[in-house]
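K.L.:
Next one to model:
(2 chains)
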Amino acid sequence: MLLSLIPVLILAILFGNNSYLYGDTVHEALKENRTELEGEDKNIYAEVTEEETEGADRGATIPDPFEGWNRAIFQINDRFYFWVLKPVARGYGFLLNEDIRGLFSNFYSNLKGPLRIVNNLLQGRFSAAGIEFSRFLINSTVGVAGFRDCAKECFSIKERFADFRQTLGRYGLGFGFYIVWPFIGPSSPRDTLGMIGDGLLMPQGYLLEKSFLTPEMISLFAHEWVNNLSFHIGDYETLKKAAIDPYIAMRDAYVQYRKEVIERGRD
Amino acid sequence: MKVKVTVIGMFLIAVFFPFHLFGATALEMVKANVIDVLSVLKDPKLQGEEGKKTKMQRIEVAADRLFDYVELSRRTLGVSWNKFSPEQRKEFVALYRLLLKDTYIEKIMAYRNEEINFLKEIPLSESTVEVQTSVTAKGGPAAIYYRAIKKEEGWKVYDVVIEGVSLINNYRTQFREILGNNPPETLLETLRKKVGKK
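P.N.:
The predicted structure follows:
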């Protein structure tokens, strides 16, 4: 996940000074978009028949003031996926069987234990935080540095997901607007902030006593990325194939999914 | 004598009346139809070109029993539905059906070797429920929810929610973009092209 942060940081450095220039526009664009959306919603309310409103979601939306930039990056990411990521993840999946890749998934998931503990605490889910703490202890020891999810397999203690993006959302922070980052894909100011927060809670940097931008760290994150993707080849293709406008389909799926993750946190 | 006839009559009704279908819950109905689709997909007898053809036909029948395409269309378009002429509505439903069938089959195909658990049903309104299923995949379980509405012929699915992403909401957002500045005909043309390609 942190590998995906690197371009954000580079961009932040590159475009850092310009952000003032964009500041006002963002605000204006946001406002405009908001009123537009509200208007639309009201219309739907006024005209829709009983049948349609009943039980049907009005659908979450997100302002997209930088659609031009976003569409351009979406295209680049699309190429990058088909030309680089997918062949690499396929080859990787061919070399290592599912069980071995599953061990790596466990390993990387266990490294996210601390951030789940902290975020569960931040969200006031204390028992979940406790459960994640015990999971981290069990899996780091009996689970051989996290390669086995022994907490789940031996003791039926299931993961209690929480991350900083969810925490910010549950605190009532909205998306802001839609932004597509190179390599990472769909995001928003809130989720970008959340990702940076999560990155700081990853133990890799502390364990290796290295900064996040060393070759070792980058390869570690790249491996996590490819390993994770090897289980999900085809997901993006399905979305793209089913879509009338893949860009909009992706944007909407992102909004709906992130909303669901925040709401799921309420159970 | 009369009592005897009544008792026998009641007995016969009890035996032959299809109570199991009458009181079928949404979960049972969705389960039966989803399993139907899957069993066609998995059928080892349906191999090769001939088998493929039969397979597609049988999936179509099973999918038609599972979904209510008019309901799907109305809910996807919302108010925009009213902008369509009756003929256009009819064509939209037909095109949307083809698109959804492909999408759904593609999605369900990816899960054909995994185990589907039909968890529970949650009422959404007086006439609609959400049937929650979980698919155990190697990369982690996936939540697939079917939203169904009670119709005369039983429960019909009008939305599929995969990992929190509602299919009709996703299409609504895309259609809205087109219908914002264009007449319904533009959307129909887009759909014709999209479906024709396959």
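K.L.:
From chain B, how far off is A:M250?
P.N.:
Separation of A:M250 from chain B (CB to the nearest CB, to the nearest Å): 9 Å. From N, CA and C alone the C-beta is placed, and that goes for glycine too.
K.L.:
should've said A:Y236
P.N.:
12 Å.
K.L.:
What pLDDT is listed against that residue?
P.N.:
Predicted confidence (pLDDT) for A:Y236: 89.
K.L.:
Apart from its neighbours in sequence, what residue is nearest the closest residue to chain A within chain B?
P.N.:
Closest contact between chain B and chain A, by CB to the nearest CB, is at B:G164 (2.5 Å). Spatial nearest neighbour of B:G164, excluding adjacent residues (CB to CB, 6 or more residues apart in numbering or on different chains): A:E260 at 2.5 Å.
K.L.:
Helix or strand: which one has the one you found?
P.N.:
helix A:246-264 (DSSP states H and E).
K.L.:
Likewise for A:T192?
P.N.:
helix A:189-200.
K.L.:
now B:Y158
P.N.:
strand B:154-162.
K.L.:
Could you give the separation of that strand from the chain centroid?
P.N.:
Centroid separation for strand B:154-162 versus its chain: 5 Å, with CA atoms, centre = their mean, to the nearest Å.
K.L.:
Identify the nearest residue to B:A137 in space, disregarding sequence-adjacent positions?
P.N.:
B:E114 (5.2 Å).
K.L.:
residues contacting the one you found?
P.N.:
Neighbour list for B:E114: B:135-137 [criterion: CB atoms under 8 Å, 6 or more residues apart in numbering or on different chains].
K.L.:
Filter the residues you listed down to just the buried residues.
P.N.:
Neighbour-count burial (16 or more other CB atoms under 10 Å in any protein chain shown) is assigned, among the contacts of B:E114, to B:V135.
K.L.:
re the thing from before, which other residues reach the helix holding A:E260?
P.N.:
The contact list for helix A:246-264 (CB under 8 Å, 6+ apart) reads A:59-62, A:64, A:70-71, A:74, A:78, A:161, A:165-166, A:169-170, A:175, A:178, A:185-186, A:188, A:191, A:239-240, A:242-243, B:163-166, B:169-170, B:173-174, B:177.
K.L.:
swap in stretch A:232-245?
P.N.:
Outside stretch A:232-245, the residues that touch it by CB under 8 Å, 6+ apart are A:78, A:81, A:86, A:89-90, A:93, A:246, A:249-250, A:253, B:99, B:102-103, B:106-107, B:110, B:139, B:171, B:174-175, B:177-178, B:190-191, B:194.
K.L.:
and it, how far apart are its ends?
P.N.:
In stretch A:232-245, first residue to last residue: 21 Å (CA to CA, to the nearest Å).
K.L.:
Which among the contacts of helix A:246-264 count as buried?
P.N.:
With burial judged by 16+ other CB under 10 Å, the buried subset of the contacts of helix A:246-264 is A:59-62, A:64, A:70-71, A:74, A:78, A:161, A:165-166, A:169-170, A:175, A:178, A:185-186, A:188, A:191, A:239, A:242-243, B:164-166, B:169-170, B:173-174, B:177.
K.L.:
after the lowest-mean-pLDDT helix or strand in chain B comes which helix or strand?
P.N.:
The weakest-scoring helix or strand in chain B, judged by mean pLDDT, DSSP states H and E, is helix B:19-22 (a mean of 51). Later in the chain than helix B:19-22, the nearest helix or strand by DSSP H and E is helix B:26-42.
K.L.:
Give me the buried positions along that following helix.
P.N.:
B:26-31, B:33-34, B:36-38, B:40-41.
K.L.:
quick one, helices of chain B?
P.N.:
Per DSSP state H, chain B carries helices over the ranges B:2-16, B:19-22, B:26-42, B:48-66, B:69-77, B:86-110, B:167-181, B:184-197.
K.L.:
Reformat those as a markdown table; add distance to chain A.
P.N.:
Compiled in a markdown table, those are given as follows (distance: least, CB to the nearest CB, whole Å):
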| stretch | distance to chain A |
| --- | --- |
| helix B:2-16 | 35 |
| helix B:19-22 | 23 |
| helix B:26-42 | 13 |
| helix B:48-66 | 15 |
| helix B:69-77 | 5 |
| helix B:86-110 | 4 |
| helix B:167-181 | 4 |
| helix B:184-197 | 6 |
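K.L.:
With just CA atoms, put stretch A:97-110 into CSV.
P.N.:
Backbone C-alpha positions of stretch A:97-110 (Å, rounded to 0.1, in the frame of the first residue of the first chain) are rendered in CSV as follows:
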residue,chain,number,x,y,z
ASN,A,97,0.7,-21.6,-6.2
GLU,A,98,-2.3,-20.2,-4.4
ASP,A,99,-1.4,-21.6,-1.0
ILE,A,100,2.0,-20.0,-1.0
ARG,A,101,0.6,-16.7,-2.1
GLY,A,102,-2.0,-17.0,0.6
LEU,A,103,0.9,-17.2,3.2
PHE,A,104,2.2,-13.9,1.9
SER,A,105,-1.2,-12.4,2.1
ASN,A,106,-1.3,-13.4,5.7
PHE,A,107,2.1,-12.0,6.3
TYR,A,108,1.2,-8.6,4.9
SER,A,109,-2.1,-8.6,6.6
ASN,A,110,-0.5,-9.3,9.9
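K.L.:
And the contacts of stretch A:132-146?
P.N.:
In contact with stretch A:132-146 (CB under 8 Å, 6+ apart) are residues A:106-107, A:109-111, A:113-114, A:116-117, A:120, A:148-152, A:154-155, A:157, A:159-160, A:162.
K.L.:
What is the burial count for B:L77?
P.N.:
As a burial measure, B:L77 scores 26 neighbours (other CB atoms under 10 Å in any protein chain shown).
K.L.:
Could you report the distance from A:R251 to A:D64?
P.N.:
From A:R251 across to A:D64, the span is 7 Å (CB to CB, to the nearest Å).
K.L.:
Give me the common contacts of those two.
P.N.:
Joint contacts of A:R251 and A:D64 (CB under 8 Å, 6+ apart) are A:70, A:178.
K.L.:
Output stretch A:122-140 as PDB, restricted to C-alpha atoms.
P.N.:
C-alpha atoms of stretch A:122-140 as PDB (Å, rounded to 0.1, in the frame of the first residue of the first chain):
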ATOM      1  CA  LEU A 122      -9.800   5.600  17.400                       C
ATOM      2  CA  GLN A 123     -13.300   4.500  16.400                       C
ATOM      3  CA  GLY A 124     -14.200   3.500  20.000                       C
ATOM      4  CA  ARG A 125     -14.400  -0.200  19.100                       C
ATOM      5  CA  PHE A 126     -12.400  -1.300  22.100                       C
ATOM      6  CA  SER A 127     -13.300  -5.000  22.000                       C
ATOM      7  CA  ALA A 128     -12.400  -5.100  18.300                       C
ATOM      8  CA  ALA A 129      -9.000  -3.400  19.200                       C
ATOM      9  CA  GLY A 130      -8.500  -6.100  21.900                       C
ATOM     10  CA  ILE A 131      -9.300  -8.800  19.500                       C
ATOM     11  CA  GLU A 132      -6.900  -7.400  16.900                       C
ATOM     12  CA  PHE A 133      -4.200  -7.100  19.600                       C
ATOM     13  CA  SER A 134      -4.500 -10.800  20.500                       C
ATOM     14  CA  ARG A 135      -4.600 -11.700  16.800                       C
ATOM     15  CA  PHE A 136      -1.300  -9.800  16.300                       C
ATOM     16  CA  LEU A 137       0.300 -11.500  19.300                       C
ATOM     17  CA  ILE A 138      -0.900 -15.000  18.200                       C
ATOM     18  CA  ASN A 139       0.000 -14.600  14.500                       C
ATOM     19  CA  SER A 140       3.400 -13.000  15.100                       C
END
